[in-house]
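Enquirer: Next one to model:
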Amino acid sequence: MTGDSFRFEDKLRPEARETIDALHKRVCRVILLSGDRQAPVAAIAEELGLDKWQAELKPQAKIERIQAFKEQGAKVAMVGDGINDAPALAAADISVSLASAVEISQAAADFVLQGDKLDRMVRAMDVSCGAKRRVLENFGLDVVYNMIAVTLAVFGFVTPLVAAIAMSASSLLVILNALKLAR
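Expert: Numbering: from 1, shown residues only. The predicted structure is shown next:
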């Protein structure tokens, strides 16, 4: 058995670079925090185009980095799939794990992406931002509607039937606005 050797190597997911690029386009700062050795982490960071990275971090050190970012006013999203990532996932504002991750990471995460594709995280982020935008628009529509409808009702310009129809119409408008998110 002399001369035999084993070599283990982490391979990037095929969509990893595209996902990082998409996050950069959305003005997200991406930092790689890893418990792995310096050399492999440096190679992965270079392949991903990341200038900020740290290697050989214990779980507590990851938590400390996350808390330092939060103290600077940053909203921190953590993506992880290993046992050592679970504490950091719990410390982040938003945490994401993959369906193929170990169970403890999935339990600690806010979102578990089905499948093994990282780019679904970008889609989830887009849907989340769109949902927030629709909620704010719907609140705005509601405020405007109520200001107009209450004023008209107080001065007797609308009958109860017209008010009921207008209320139903406003509900329909809110629903149609929310459905824009599906596109």
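Enquirer: Return the residues in contact with the residue most central in space within the chain.
Expert: Nearest to the geometric centre of the chain sits residue 125, at 4.4 Å (C-alpha atoms, centre = their mean). Residues near residue 125 by C-beta atoms under 8 Å, 6 or more residues apart in numbering: 23, 26. All C-beta spots, glycine's among them, are computed from the backbone N, C-alpha and C.
Enquirer: Against residue 77, how distant is it?
Expert: 8 Å (C-beta to C-beta, to the nearest Å).
Enquirer: And for residue 91?
Expert: 12 Å.
Enquirer: got it, and residue 100?
Expert: Taken as C-beta to C-beta, the span from residue 100 to residue 77 is 19 Å.
Enquirer: Look at these two and report which has more neighbours.
Expert: Neighbour totals were compared for residue 100 and residue 77, and residue 77 leads with 19 against 13 (other C-beta atoms under 10 Å).
Enquirer: Report the beta-bridge partners for that one.
Expert: Beta-bridge partners for residue 77, by DSSP bridges, are residue 94.
Enquirer: residues in contact with it?
Expert: 28, 92, 93, 94, 95, 96.
Enquirer: out of those residues, who's nearest residue 132?
Expert: residue 94 (12.8 Å; C-beta to C-beta).
Enquirer: what residues are up against the closest one?
Expert: Neighbours of residue 94 in contact, by C-beta under 8 Å, 6+ apart: 75, 76, 77, 78, 110, 111.
Enquirer: can you do 10 Å?
Expert: Residue 94 is in contact with 75, 76, 77, 78, 79, 109, 110, 111, 121, 124, 125, 128, counting by C-beta atoms under 10 Å, 6 or more residues apart in numbering.
Enquirer: do the same with residue 164
Expert: Listed by C-beta under 10 Å, 6+ apart, the contact set of residue 164 reads residue 158.
Enquirer: Any stretches of the chain with poor pLDDT?
Expert: 1-3, 6-10, 183 (pLDDT under 70).
Enquirer: all strands of it, in order?
Expert: In the chain, the strands defined using DSSP state E lie at 32-33, 53-54, 77-79, 94-98, 111-113.
Enquirer: what would these look like in TSV with distance to residue 70?
Expert: Formatted as TSV, these follow (distance: least, C-beta to C-beta, whole Å):
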stretch	distance to residue 70
strand 32-33	14
strand 53-54	17
strand 77-79	11
strand 94-98	11
strand 111-113	19
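Enquirer: so which of those gets nearest residue 60?
Expert: Comparing these against residue 60 with C-beta to C-beta, the closest turns out to be strand 32-33 (11.9 Å).
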